[in-house]
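Visitor: how would this look folded up:
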Amino acid sequence: MLGKMWKDASDDEKQPYKQRAEEGKVVYLAALASYKELCRVWDADSIAFRKAYEAEHPSVPSKEEEEEILLSSQGKRDRRAKRVSGYAESDVSDGEGGL
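Guide: As a prediction, the model looks like this:
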C-alpha cells in the first residue's frame, strides 16, 4: 500500500523526503570519514604503544618453552597425533542395546 502511494505521488510531494534522505547521506558520510580517521589514529597509536611495551618488557620463555624450542630445533619433537583407543558413545552398558 505504501509503495503504491509513493509510486503515485508527484515529484513535488516526494521532494522533501528525497531532500531529507540526501541530507542524511551527507551526515552519514561525514561521520564515516571521522570514524575512519579515528580508527587510523588508534591503530597507529596502538602499534607504537605495543612496540614500546615490548621493548620495556621483553618476553622470557618458561622452562617448558625453552625445552620445546630445544627439541624442535634438534628435530626430536614428535608432532604426530595421538591415537584414540575408543569413544564413550560405543559403550552399550547404558541400556540402549546399540540399536
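Visitor: for the protein, where's the lowest mean pLDDT among helices and strands?
Guide: Scoring the helices and strands of the chain by mean pLDDT, DSSP states H and E places helix 63-74 at the bottom, with a mean of 83.
Visitor: For that one, buried residues please.
Guide: Buried residues in helix 63-74, counted by 16 or more other Cβ atoms under 10 Å: none are found. In short, each C-beta sits where N, CA and C put it, glycine included.
Visitor: from the middle of its chain, how far away would the longest helix seen in the chain be?
Guide: Ranked by number of residues, the top helix in the chain under DSSP state H is helix 11-56. Centroid displacement of helix 11-56 relative to its chain, using Cα atoms, centre = their mean, to the nearest Å, is 19 Å.
Visitor: Now do it: which elements does it pack against?
Guide: The contact analysis (3 or more Cβ pairs under 8 Å, 6 or more residues apart in numbering; DSSP states H and E) places helix 11-56 against no helix or strand.
Visitor: Which pLDDT value goes with residue 19?
Guide: pLDDT recorded at residue 19 is 97.
Visitor: so where is this protein shaky, pLDDT-wise?
Guide: 75-82, 87-99 (pLDDT under 70).
Visitor: please redo it, this time with the cut-off set to 90
Guide: 1-2, 58-63, 65-99 (pLDDT under 90).
Visitor: what's the spacing between residue 9 and residue 55?
Guide: When distance is defined by Cβ to Cβ, to the nearest Å, residue 9 is 65 Å away from residue 55.
Visitor: re the thing from before, could I have the least confident helix or strand of the chain exported to PDB, CA atoms only?
Guide: This file holds the C-alpha atoms of helix 63-74, laid out as PDB (Å, rounded to 0.1, in the frame of the first residue of the first chain):
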ATOM      1  CA  LYS A  63      61.400 -23.800  31.100                       C
ATOM      2  CA  GLU A  64      58.700 -25.700  29.100                       C
ATOM      3  CA  GLU A  65      59.000 -23.300  26.200                       C
ATOM      4  CA  GLU A  66      62.800 -23.500  26.300                       C
ATOM      5  CA  GLU A  67      62.700 -27.300  26.200                       C
ATOM      6  CA  GLU A  68      60.100 -27.200  23.400                       C
ATOM      7  CA  ILE A  69      62.400 -24.800  21.400                       C
ATOM      8  CA  LEU A  70      65.400 -27.000  22.000                       C
ATOM      9  CA  LEU A  71      63.600 -30.200  21.000                       C
ATOM     10  CA  SER A  72      62.100 -28.600  17.800                       C
ATOM     11  CA  SER A  73      65.500 -27.200  16.800                       C
ATOM     12  CA  GLN A  74      67.000 -30.600  17.100                       C
END
